[in-house]
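Novice: Using only what follows, build the 3D model:
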Amino acid sequence: MIRQLIFDLDGTLVDSCAVCVQILSGMLEDRGSEHSIDPVIARPWMSVGGAAMVSALLGPACDDPQRDIEEFRARYRQTLTPPDALFSGVAEGLAQFYDAGFTMAICSNKPQELCEQVLRDTGIDGMFRSVVGLRPGLRAKPELDLLHEALASLRCSPGECLFIGDSEIDHQVAERAGIPFVFMSYGYAVPEYEPDEGVSFDCFRAMTRNVTDRIASARAA
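Specialist: Residues are numbered from 1 along each chain as shown. The predicted structure follows:
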């Protein structure tokens, strides 16, 4: 019986691409670089995250990947993520899940403090029992550390939850952990990616209706 839901953050609940491009564009301007970032090309890099994303999007203005990611994250901590960065239907869908008695968690490669900041900024922080972001001692997805931590925080087994994400990395980690995966196709997956199993949605509202209806039917059986 599914009673818990684990969500990826960027690309699943929050469209963070505009904020990331804004921060990186500010870094480029401060470095006097003429390089510019195409937001469309930037989108798939959001699921990779970290130093790889920053160095790729800074391009020829990349200095040192580690120093650059530290500067990027320092600027991120000073940047507001507006509530309208939530994908359409997310706020209402999460409230519906919450009211229906689902227990929810976040599992994201974004650093822990930035996960918490983005959730506060967008006003959905109260929906989640736990927030598992990147922190010392836990390796990033597709390693299983973060997802195992989320499972432990919810005190549930893989068969008692769904993992809802937007990329091939999310699918890979869910599959390795034995958790049913729900794919949100509007996120940051590479364009050619199509999940070979599970359920796919291009709308958070449609996913919410499908999951709540399926679980309600299973509980009534």
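Novice: can you pull out the strands in the protein?
Specialist: 4-7, 103-111, 130-134, 161-165, 181-184, 199-201 (DSSP state E).
Novice: most packed of these?
Specialist: Comparing those by mean neighbour count (mean count of other CB atoms under 10 Å), strand 161-165 comes out on top with a mean of 26. Any C-beta I mention is one placed from the backbone N, CA and C, and that applies to glycine too.
Novice: Could you name the helices and strands sitting against that strand?
Specialist: Applying 3 or more CB pairs under 8 Å, 6 or more residues apart in numbering; DSSP states H and E, one finds that strand 161-165 makes contact with strand 4-7, helix 145-154, helix 168-177, strand 181-184.
Novice: Give me the spatial nearest neighbour of Arg75, chain neighbours excluded.
Specialist: Leaving out its chain neighbours, the residue that sits closest to Arg75 by CB to CB, 6 or more residues apart in numbering is Ile23, at 4.8 Å.
Novice: pretty sure that neighbour is touching Tyr76, no?
Specialist: Yes. Under the criterion of CB atoms under 8 Å, Ile23 makes contact with Tyr76 at 5.9 Å.
Novice: ok, now how distant is Phe72 from Lys141?
Specialist: Phe72 sits 19 Å away from Lys141, going by CB to CB, to the nearest Å.
Novice: and if you look at Met207?
Specialist: 20 Å.
Novice: So between the two, which is more surrounded?
Specialist: Lys141 (24 against 21; other CB atoms under 10 Å).
Novice: For the residue nearest to that one when sequence neighbours are not counted, give me the pLDDT.
Specialist: Leaving aside its chain neighbours, Lys141 sits nearest to Val173 (4.6 Å; criterion: CB to CB, 6+ apart). We have a pLDDT of 96 for Val173.
Novice: now do Asp213
Specialist: The model reports Asp213 with a pLDDT of 89.
Novice: tally of neighbours for it?
Specialist: What Asp213 shows, counting by other CB under 10 Å, is a neighbour count of 10.
Novice: for it, what are its contacts?
Specialist: Under the criterion of CB atoms under 8 Å, 6 or more residues apart in numbering, Asp213 has no contact partners.
Novice: any idea how far Ala85 is from it?
Specialist: 28 Å.
Novice: what domains does the record give for the protein?
Specialist: Domain ranges of the chain: 4-15+83-220, 17-77, per automatic domain parsing.
Novice: and the ones you listed, which is most packed in?
Specialist: domain 4-15+83-220 (a mean of 18).
Novice: just to revisit the earlier point, mind giving me TSV with the helices and strands packed on strand 161-165 and columns for distance to Lys110?
Specialist: Compiled in TSV, those are given as follows (distance: least, CB to CB, whole Å):
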stretch	distance to Lys110
strand 4-7	12
helix 145-154	10
helix 168-177	13
strand 181-184	16
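Novice: Out of these, the one nearest Asp64 is which?
Specialist: helix 168-177 (24.9 Å; CB to CB).
Novice: Which neighbouring elements make contact with the closest one?
Specialist: With contacts defined as 3+ CB pairs under 8 Å, 6+ apart, the packing partners of helix 168-177 are helix 45-48, helix 145-154, strand 161-165, strand 181-184.
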